[in-house]
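Visitor: Need the 3D shape of this:
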Amino acid sequence: MKYTTLPGTDIKVSKICLGTMTFGNQNTEQEGFDQMDLSLDQGVNFFDTAELYPVPANATTQGETERIMGNWFQKTGNRSKVVLATKAAGPGSYTAHIRDNMSFDKRNITEALDNSLKRLKTDYIDLYQLHWPERMTNFFGQRGYVHNPKDTWTDNFEEALEALDDLIKAGKIRHIGISNESPWGLMRYLELSKKGLPKAITIQNPYSLLTRVFEIGNSEMCMREEIGLLAYSPLGFGRLTGKYRGGHNLDKARLTVFPNMARYNSDQSIEATEHYYQIAKNHGISLTQMALAFVNQQPFLTSNIIGVTNLEQLQENIGSIDLTLSKEIMKEIEAVHNKIPNPAP
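Guide: The predicted structure follows:
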């Protein structure tokens, strides 16, 4: 395994992070235990979850992923071996079952964290993240920002950071991060952190061969302001494994289960994937490992979040850390990107 540190800290994290959103829905508790056992055995010490999980989000299963992880910590005693990240959900039609009011105010953030701590059977979180903006941008089902002159959103950045600061001082969280943020949102958090409030040291956004919009704005901010990307969906919901080539195996696929991720089913995504598949084939490597290695090699990356449903997939994904893409492969990847840029932004 290869390791980095959470920016501005001495906390060592594996460059591969175990994503857990399948625990409690696509995966049973025992399967979740097996994934965490294998990950830790392979040197993966960074686990990411959220109060919303598992997905698809609903009132029946909400919080089950954290409960499974908490049961594993209790059973194994491995809490001290894991850098644990979780997230507080923001407002949206898919979160109304969690709390009556999902804004990032002090009451909601504190309630969200306390409930996560109980489920996870721990008294602190290493990295606590705000799952997405509470304003109408970059939420699931809508990519980017569409201005609405009737938007009643009130700037809540300062109150959110003040609430998180109180929780840091109480010893309940060590560091904070954000997720699904735009360059403007990241700038606002940074602006306030320079006035004495906590700094978001990570940003968890989608990043893959099919989704490289992070490179427009956010990547420069990360490099210049010492913030690390936690890349999610590095395989484009499985599209970049190549298993869906020719339209096969889509009945139970994530791309079918999650219709709001239909962008990975677009003609452009399918065409780009075919080009990337041929590059990997020509160089004698799997598309899965090439796609993950591409993410692993980015200078703004802190950790690459992988999510699987079985141990075979997990082993292959973790193994991508040992692959370094040559300049020739990177040049061929860039040629495809220039021809079909960001087919699934």
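
Visitor: With just CA atoms, put stretch 186-205 into CSV.
Guide: C-alpha atoms of stretch 186-205 as CSV (Å, rounded to 0.1, in the frame of the first residue of the first chain):
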residue,chain,number,x,y,z
LEU,A,186,-14.6,25.9,-1.5
MET,A,187,-13.4,29.5,-1.7
ARG,A,188,-16.0,30.6,0.9
TYR,A,189,-14.9,27.9,3.4
LEU,A,190,-11.3,28.9,2.9
GLU,A,191,-12.1,32.5,3.3
LEU,A,192,-13.7,31.9,6.7
SER,A,193,-10.9,29.5,7.8
LYS,A,194,-8.4,32.3,7.4
LYS,A,195,-10.4,34.2,10.0
GLY,A,196,-9.9,31.6,12.7
LEU,A,197,-12.5,29.0,11.9
PRO,A,198,-11.6,25.4,11.1
LYS,A,199,-10.2,24.6,7.7
ALA,A,200,-11.7,22.0,5.4
ILE,A,201,-8.7,19.9,4.6
THR,A,202,-10.4,17.5,2.1
ILE,A,203,-13.0,17.7,-0.6
GLN,A,204,-14.9,14.6,-1.7
ASN,A,205,-16.0,15.0,-5.3
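
Visitor: contact partners of it?
Guide: 6-9, 48, 87, 127, 129, 155, 157-158, 161-162, 164-165, 168, 175-181, 214, 218, 221-222, 225-232, 302, 305 (C-beta atoms under 8 Å, 6 or more residues apart in numbering). All C-beta atoms are positioned from the backbone trio N, CA, C, and that covers glycine.

Visitor: Same check on stretch 60-79?
Guide: Contacts of stretch 60-79 (C-beta under 8 Å, 6+ apart): 20-21, 23-25, 29, 32-33, 36-37, 40, 47, 49-54, 82, 84, 86, 97-98, 115-116, 118-122.

Visitor: Write the PyMOL selection for whichever of these are buried.
Guide: Burial among the contacts of stretch 60-79 is assessed by 16 or more other C-beta atoms under 10 Å; the matching PyMOL selection reads:
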select buried, resi 20+21+23+24+25+29+32+33+36+40+47+49+50+51+52+53+54+82+84+86+98+115+116+119+120+121+122
